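A.B. asks: Quick one, structure for this:
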Amino acid sequence: MGVIGVGVDLVDIARFERAMGRTPRLRARLFAEDELSRDGRPLPLRSLAGRFAAKEAFIKALGGSDEIGWHDMPVVSDEHGNPGFALRGRAAETAGALGVAGVHLTMSHDAGLAVAFVVVED
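C.D. replies: From the prediction side, this is the model:
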C-alpha cells in the first residue's frame with residue numbers, strides 16, 4: 001500500500017464550545033445523529049471537537065474537497081474503541097475515485113486542544 005495523503009487538524013476546544021453555544025443547529029449540521037453519543041450517552045464537547053478535527057484532517061488527506069458533506073464522513077468506533085470513518089455519499093465516491101483502500105485515524109485532546117491525524121492509503 002502507498003500513501004495517498006496525510007491530514008492533521010487542531011481545534012481549540014473552548015472556541016469550539018462557544019461556537020456550539022452560539023449556533024444551536026451547528027451540532028446537527030456537523031455531526032450525523034449516530035456519532036453524537038456512545039452507549040446511549042451524549043459525547044462531551046471535547047470529543048465532538050476531536051471528531052470535527054478528524055473530518056477536517058480527512059478532507060486534507062484527500063487533497064481537499066468542497067463537495068463532501070459533514071454527514072458523509074461520520075467518525076465511528078470499532079468493537080475495540082478504535083476510531084475510524086464510516087464513509088458514505090460523496091465521501092465514499094471520492095475515496096473510491098482516488099483508489100482509497102484504507103483510512104487510519106487517531107484523535108486526542110489535552111490542554112484545551114483537540115487534534116486528529118489521518119493517513120489515507122491506496
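
A.B. asks: Just say helix, strand or coil for the closest residue in space to His104 that isn't next to it in sequence.
C.D. replies: Once flanking residues are discounted, His104 sits nearest to Val119: 4.4 Å by C-beta to C-beta, 6 or more residues apart in numbering. All C-beta spots, glycine's among them, are computed from the backbone N, C-alpha and C. Following DSSP: H, G, I helix; E, B strand; the rest coil, we place Val119 in the strand state.

A.B. asks: contacting residues around Ala101?
C.D. replies: Met1, Glu121, Asp122 (C-beta atoms under 8 Å, 6 or more residues apart in numbering).

A.B. asks: measure it to Asn82 for me?
C.D. replies: Going from Ala101 to Asn82 by C-beta to C-beta, to the nearest Å gives 17 Å.

A.B. asks: what's the burial count for Glu93?
C.D. replies: Using other C-beta atoms under 10 Å, Glu93 has 15 other residues around it.

A.B. asks: following the helix-or-strand element of the chain with minimal mean pLDDT, which helix or strand shows up next?
C.D. replies: Here the helix or strand of the chain ranked lowest by mean pLDDT, DSSP states H and E is strand 37-38, holding a mean of 85. Using DSSP states H and E, the next helix or strand after strand 37-38 towards the C-terminus is strand 41-42.

A.B. asks: What pLDDT is listed against Glu67?
C.D. replies: As predicted, Glu67 sits at a pLDDT of 88.

A.B. asks: where does it fall, helix, sheet strand or coil?
C.D. replies: Under three-state DSSP, Glu67 comes out as coil.

A.B. asks: and it, what does it touch?
C.D. replies: Contact analysis of Glu67 by C-beta under 8 Å, 6+ apart lists Arg90, Thr94.

A.B. asks: can you rerun that using 7 Å?
C.D. replies: Neighbour list for Glu67: Arg90 [criterion: C-beta atoms under 7 Å, 6 or more residues apart in numbering].
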